[in-house]
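Give the three-dimensional model of this entry:
(one chain, ligands or ions: 2)
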Amino acid sequence: MDEVFMKRALELALEGAGRANPNPLVGAVIVKDGEIVGEGYHKIYGDAHAEVNAIKAAGRRAEGATLYVNLEPCCHYGKTPPCTEVLIDASIKRVVVAMRDPNPLVDGEGIARLKEAGIEVSCGVLEGEAKALNEIYIKFITTHLPFVILKAAMSLDGKICTSEGDSKWISSETSRAYVHSIRNRVSAVMVGLNTVIADNPHLTTRIKNGRDARPVIVDSLASIPISANVLSGNRPIVVVTERAPIERVSTLKDKGAEVIYTGEDENGMVDLNELMYKLGDMGIDSILLEGGGSLNWSAVKKGIVDKFLFFVAPVIIGGASALTPVEGEGFKTVSGALRLKRLSLKSLSDDILIEGYPERR
Ligand code: AOF
Ligand code: ZN
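Ligands and ions are numbered 1, 2, ... in the order given. You can find the predicted model right below:
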């Protein structure tokens, strides 16, 4: 039964997607005599934690009950007081936790505090699912760097557009809706200038009750057209180098964009590693990288990508000059190329989604 209730906690946690960032997704369920007497989740950054909301919902029924939560309860003062004390005060008898909280301010101390107060604690129920759900949080809380997801939609023969530049639409509507659900979850969506010029995308989240991630445009020389759709998005960020003409930067600022400077990398482009530090400092915990090919290559080369999502559609495009998801100079040998591990396949109407994580060397 522990797994059944933990599954419910994970489901509730997901309700906070896109609103809790950079905090974790957390859900809690209180069970007494085999029945759920209270539920809660962390709704929005800075607000009450999942456990507190569940206790509120259960009221007196929490006495002697079991609480299921997908992340170890906190024991520190952050924007809210420690959940451990709330659970102790509510006379919870047993706490079932999916995973330890990697936050250095918690990291096992929450469980220790509950045990010290005489509460029975079990940890590790649906731990794999819990870690997958909070993969963004796990990276961000331990490194302060954003979790980067590289997404590409390509034909069966590996093209992201035709030789004429047409790409509407290679992937199915179901795949595109899936991308929107990820945009709803991440803090930022990042593209290079070439993609803005080629596709003039909005990068908005077109799903019910969705919220827009912040667009991040990598544009060394600040040459983005001022009428570009992304600049009317949710607090757009344009990333430039010192070579960007100051008047262009002022125009972008006047238009409402936030402009971030980085140093140049060996090719005179935006230094992506430095950019990750800067975005992390701004509280951006996650980025969906949506191309194009040369930015994708730089991201792969610099090792900033944490996860790959490749949508493969059953269409053959052909054309030697038709672009592919990762361009640039590429790896010189197959043995030196980036391999993925922990692969998973999903089928989305006619498309196949391949997810994987880079093997770090
Ligand atoms: C959440 N929601 O439901 C739980 C969290 O600044 P605070 O008070 O919101 O604390 C954030 C930290 O609290 C977070 O990094 C994690 O360690 C812990 N647990 N956080 O946002 C929750 N249970
Ligand atoms: Zn808490």
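
you'd agree residue 105 is up against residue 76?
Yes - between residue 105 and residue 76 a contact is recorded at 4.4 Å, counting by CB atoms under 8 Å. All C-beta spots, glycine's among them, are computed from the backbone N, C-alpha and C.

Between the two, point out the one with more neighbours.
Higher neighbour count among residue 105 and residue 76: residue 76, with 16 against 13, using other CB atoms under 10 Å.

Need the three-state assignment for that one.
The local conformation at residue 76, judged by DSSP: H, G, I helix; E, B strand; the rest coil, is coil.

What of residue 355?
strand.

Likewise for residue 112?
Relying on three-state DSSP, one would call residue 112 helix.

distance of it from ligand 2?
As defined by CB to the ion, to the nearest Å, residue 112 lies at a distance of 15 Å from ligand 2.

give me the number of residues near that residue?
Residue 112 has 14 neighbouring residues, counting by other CB under 10 Å.

so how far is residue 255 from the closest residue to it other than its chain neighbours?
Leaving aside its chain neighbours, residue 112 sits nearest to residue 75 (8.0 Å; criterion: CB to CB, 6 or more residues apart in numbering). Separation of residue 75 from residue 255 (CB to CB, to the nearest Å): 45 Å.

who's more crowded, those two?
The residue with more neighbours, out of residue 75 and residue 255, is residue 75; 20 against 15, by other CB under 10 Å.

what sits against that one?
Counting by CB atoms under 8 Å, 6 or more residues apart in numbering, residue 75 touches 82, 83, 84, 106, 109, 110, 112, 113.

From the structure, what's the count of residues near the residue in the stretch 201-350 of the chain that ligand 1 sits nearest to?
Ligand 1 sits closest to residue 285 of the stretch 201-350 of the chain, with a gap of 10.6 Å, by CB to the nearest ligand atom. Number of residues near residue 285 (other CB under 10 Å) recorded here: 24.

And for residue 41?
Around residue 41 there are 26 other residues, counting by other CB under 10 Å.

wait, it sits on residue 15?
Yes - applying CB under 8 Å, one finds residue 41 in contact with residue 15, separated by 5.1 Å.

Show me whatever sits in contact with both of the two.
Shared contacts of residue 41 and residue 15, defined by CB under 8 Å, 6+ apart, comprise residue 27.

I'd like to know the average pLDDT value across the helix ranked longest in the chain.
The longest helix of the chain (DSSP state H) is helix 2-14. The average pLDDT within helix 2-14 is 98.

do the same with stretch 67-81
95.

neighbours around residue 57, how many?
Neighbour count for residue 57, taken as other CB under 10 Å: 17.

Tell me the pLDDT of it.
The confidence metric pLDDT takes the value 98 at residue 57.

for the one 4 residues further on, same thing?
Predicted confidence (pLDDT) at residue 61: the value is 98.

Are we agreed that it is in a strand?
No - counting by three-state DSSP, residue 61 is not part of a strand but helix.

List the contacts of the residue of the stretch 51-200 of the chain found nearest ligand 1.
Proximity of the stretch 51-200 of the chain to ligand 1 (CB to the nearest ligand atom) peaks at residue 78, 2.5 Å away. By CB under 8 Å, 6+ apart, the contact set of residue 78 is residue 105.

and residue 54, what element?
Element membership of residue 54, judged by DSSP states H and E, is helix 50-58.

near ligand 2, anything from that helix?
No - on the criterion CB under 5 Å from the ion, helix 50-58 is out of touch with ligand 2, staying 5.9 Å away.

Quick one: check the next helix or strand after that helix for contact with ligand 1.
Next along the chain after helix 50-58, taking DSSP H and E as the criterion, comes strand 66-71. Yes - residues of strand 66-71 contacting ligand 1 under CB under 6 Å from any ligand atom: residue 71.

Show me which residues of the stretch 1-150 of the chain sit near ligand 1.
Applying CB under 6 Å from any ligand atom, one finds that the stretch 1-150 of the chain approaches ligand 1 through 20, 23-24, 26, 42, 49-51, 71, 74, 78-80, 83, 101, 103, 106, 141.

and if we set it to 5 Å?
When proximity is defined as CB under 5 Å from any ligand atom, the stretch 1-150 of the chain approaches ligand 1 at 23, 26, 42, 49, 50, 74, 78, 79, 80, 101, 103, 106.

can you pull the contacts of the fifth one?
By CB under 8 Å, 6+ apart, residue 50 lies in contact with 9, 12, 13, 26, 27, 28, 40, 41, 42, 69, 71.

what's the neighbour count on the fifth one?
What it means is residue 27. 29.

my read: residue 70 touches residue 13, true?
Yes - the criterion here is CB under 8 Å, and residue 70 meets it with residue 13 at 5.3 Å.

More neighbours: the two, which one.
Legend: neighbour count by other CB under 10 Å for residue 70 and residue 13, higher for residue 70 (33 against 25).

Spatially nearest residue to residue 302 (excluding sequence neighbours)?
In space, residue 302 is closest to residue 272, 4.7 Å off (CB to CB, 6+ apart).

Against residue 266, how distant is the one you found?
12 Å.

So which of the two has more stuff around it?
Shown here are residue 272 and residue 266; by other CB under 10 Å, residue 272 has more neighbours (22 against 7).
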